[in-house]
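K.L.:
Build me a model from this:
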Amino acid sequence: MSGIWARYNKLLEAQPLLTKAFTSLVGFTAGDVLAQNFLAEEGDKYDVMRTIRLGSFGFMLHGTTGHYFYGMLDSKMPGTKPVTVASKVVIDQFFWNPIFGCMFFSYLNFTEGKDLATLKTKLSTDLKTAVMGSWAVWIPAHTVNFAFVPPAQRLLYINTIQIGYNVFLSFLGNKKADVEEVKKE
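P.N.:
Just a heads-up that it's a prediction; the model follows:
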């Protein structure tokens, strides 16, 4: 096991962006596989394209934007003092989290060939749920992350937790948005 860890760290040092992108691909793929196998309605067929969409989101957007966002955050706010950690968590959850949610729902919407009106409905019905739902997981997780995890390993740490969280995201991202629900608000 220590050989795998050493190899991962060597790849992370040599190719940090690519390594983080592949780490996110694995995390998002695993989360969707779990969601489809354990949260699917009885009789639902496994949707390979859905897994590909989620995995490709992890690879192309989550891993890459996470690399740059957390790198920027660490460069502008170095250290692990409680006020620094709290500030990073607030920035992550109240600024980055809604942006991430918009990217997530937009990516799924467009890779499924849906139009802007469908995206607007999806954002109206599910973005708030995604953002607020993430607080229960990510506020404590990022408190540990920013206080104890070395910057180079942040995305790996996030992706280990993200696998479970991706079950929720996969479910929410693939839930049909109800137009009537939006009209009521």
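
K.L.:
quick one, strands of this structure?
P.N.:
Counting by DSSP state E, one finds no strands in the chain.

K.L.:
just the helices in it please.
P.N.:
Ranges of helices in the chain, per DSSP state H, are 2-14, 16-38, 48-57, 63-76, 82-91, 97-111, 116-122, 128-148, 154-173, 179-184.

K.L.:
Dump the ones you listed into TSV; add mean pLDDT and mean neighbour count as well.
P.N.:
No exception for glycine: its C-beta is placed from N, CA and C like everyone else's. Below are those laid out as TSV (pLDDT from 0 to 100; neighbours: other CB atoms under 10 Å):
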stretch	mean pLDDT	mean neighbour count
helix 2-14	93	11
helix 16-38	93	20
helix 48-57	96	18
helix 63-76	96	17
helix 82-91	98	16
helix 97-111	96	18
helix 116-122	95	15
helix 128-148	94	16
helix 154-173	81	20
helix 179-184	51	10
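
K.L.:
does Asp126 really touch Phe171, like I thought?
P.N.:
No. With contact taken as CB atoms under 8 Å, Asp126 and Phe171 are classed as non-touching, separated by 10.3 Å.

K.L.:
Backbone dihedrals for Leu39, please?
P.N.:
Here is the backbone geometry of Leu39 (degrees, to the nearest 10): phi -110, psi 0.

K.L.:
Per-residue pLDDT of it, please?
P.N.:
Listed pLDDT for Leu39 reads 78.

K.L.:
Spatially nearest residue to Pro78 (excluding sequence neighbours)?
P.N.:
Thr84 (7.6 Å; CB to CB, 6 or more residues apart in numbering).

K.L.:
which residues sit in contact with the one you found?
P.N.:
Applying CB atoms under 8 Å, 6 or more residues apart in numbering to Thr84 gives the contacts Met77, Pro78, Phe146.

K.L.:
The second one and Ser87, how far apart?
P.N.:
Looking back up the chat, that one is Pro78. According to CB to CB, to the nearest Å, Pro78 and Ser87 sit 12 Å apart.

K.L.:
Next: Phe148.
P.N.:
On the measure of CB to CB, Phe148 and Ser87 end up 16 Å apart.

K.L.:
and what of Arg7?
P.N.:
34 Å.

K.L.:
And Glu13, by the same measure?
P.N.:
Going from Glu13 to Ser87 by CB to CB gives 28 Å.

K.L.:
And Gly58, by the same measure?
P.N.:
For Gly58 relative to Ser87 (CB to CB), the value is 27 Å.

K.L.:
Ok, Phe171 next?
P.N.:
31 Å.

K.L.:
Can you check the pLDDT for Glu185?
P.N.:
51.

K.L.:
who touches the residue lying closest to Trp135 once chain neighbours are set aside in this structure?
P.N.:
Sequence neighbours aside, Gln93 is the residue nearest to Trp135 in space, at 6.1 Å (criterion: CB to CB, 6+ apart). Contacts here follow CB under 8 Å, 6+ apart; on that basis Gln93 touches Ser134, Trp135, Trp138, Ile139, His142.

K.L.:
That concludes my questions; thank you for your assistance.
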